[in-house]
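> just the structure for this:
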Amino acid sequence: MRKLVISTLLTTSAFIFYAQTASALGASAGLLVGNGFKDGYNVGIGARAGFTLPMSLYLGGTIVYHLGKTESTGVGDVTANIWYLGAEGGYDLGAGPLTIRPYLGFGYAHLGVSAPDVCVLGACASGGHSDGKLAFWPGVTGLVGVGSLFVGADLRYVLLVDVEDGNAFSAFATAGLSF
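I've put the predicted structure just below:
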C-alpha cells in the first residue's frame with residue numbers, strides 16, 4: 001500500500017510540474033465524446049480543430065454527431081437524431097496549467113426523424129423527415145496540457161433557430177494535440 005501511495009504522489013507531482021497551459025499559440029485538434037441531455041441528442045461524438053492567435057483569441061470549427069434515440073412503437077421503431085457543424089470563436093484564459101475557453105459556435109444543424117411506413121385502409125404514409133436549421137452553441141471548455149497533448153471537458157448549450165423544444169445542454173470529455 002505504501003508503494004502505491006508513493007507511486008501515485010510521484011506520478012501526480014510529475015504531471016503537475018510538466019503540465020502547461022493547453023492553449024499554446026498555434027493549431028490544435030481534438031476529439032469530443034459525451035452526452036446531450038435531451039431525446040434526439042443523447043450520446044454524441046465529434047471533432048474540433050482551430051488556431052489560437054497571439055492575443056489569446058481562438059478561431060476554429062467543430063462537427064458533432066448525436067446518436068439520438070430509438071423508441072419502439074406498435075408499428076415499428078421511431079428514431080430521432082441531430083448533427084451540427086460550424087465555426088467557433090473564443091478567448092483562452094490561463095489559470096496555471098488550466099486553460100479556460102469561453103466560446104460561441106454557430107453553423108448548420110441537421111435534424112432527422114424516421115418512422116416506419118404506416119398503412120391504413122390501403123393508404124400508406126412514410127414517416128421520415130429531416131430538416132436543416134441555423135444553430136448557435138455558447139459554451140466553455142477547460143483544458144490541461146501535458147506536452148503537446150491536452151485533455152479536458154466541454155460544456156455547451158445548443159440553440160436551434162425556429163425549432164420548438166429543440167435546445168439541449170451537452171457535456172463532453174475532450175482530448176487532442178497542439179501543433
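
> residue ranges with poor pLDDT in this protein?
1-25, 74-76, 116-127, 129 (pLDDT under 70).

> could I get the full set of helices for it?
Assigned by DSSP state H, the helices in the chain fall at 2-18.

> who's residue 177 bridged to?
Beta-bridge partners of residue 177, counted by DSSP bridges, are residue 29, residue 149.

> pretty sure it is touching residue 31, no?
No - taking contacts as Cβ atoms under 8 Å, residue 177 lies outside contact range of residue 31: 9.9 Å. In short, each C-beta sits where N, CA and C put it, glycine included.

> shared neighbours of the two, anything?
Contact criterion Cβ atoms under 8 Å, 6 or more residues apart in numbering; residues shared by residue 177 and residue 31: none found.

> contacting residues for the residue lying closest to residue 34 once chain neighbours are set aside?
Using Cβ to Cβ, 6 or more residues apart in numbering and skipping residues adjacent in sequence, the residue nearest residue 34 is residue 172, 3.2 Å away. For residue 172, the contact set (Cβ under 8 Å, 6+ apart) comprises 32, 33, 34, 35, 44, 46, 153, 154, 155, 156.

> could you flag which of the residues you listed are buried?
32, 34, 35, 44, 46, 154, 156 (16 or more other Cβ atoms under 10 Å).

> so of the contacts of residue 172, which ones are in strands?
Among the contacts of residue 172, the members falling in strands are 32, 33, 34, 35, 44, 46, 153, 154, 155, 156 (criterion: DSSP state E).

> skipping its backbone neighbours, what lies nearest the fourth one in space?
Using Cβ to Cβ, 6+ apart and skipping residues adjacent in sequence, the residue nearest residue 35 is residue 43, 5.7 Å away.

> dump the residue contacts of the one you found.
Applying Cβ under 8 Å, 6+ apart to residue 43 gives the contacts 34, 35, 36, 66, 67.

> what's the answer for residue 141, then?
Residue 141 makes contact with 90, 99, 100, 101, 103, 152, 153, 154, 155, 174, according to Cβ under 8 Å, 6+ apart.

> please tell me how far the spatially closest residue to the fifth one that is not a sequence neighbour sits from residue 63.
When you say that, I think you mean residue 103. Nearest residue to residue 103, sequence neighbours excluded (Cβ to Cβ, 6+ apart): residue 90, at 2.9 Å. Distance, residue 90 to residue 63, using Cβ to Cβ, to the nearest Å: 17 Å.
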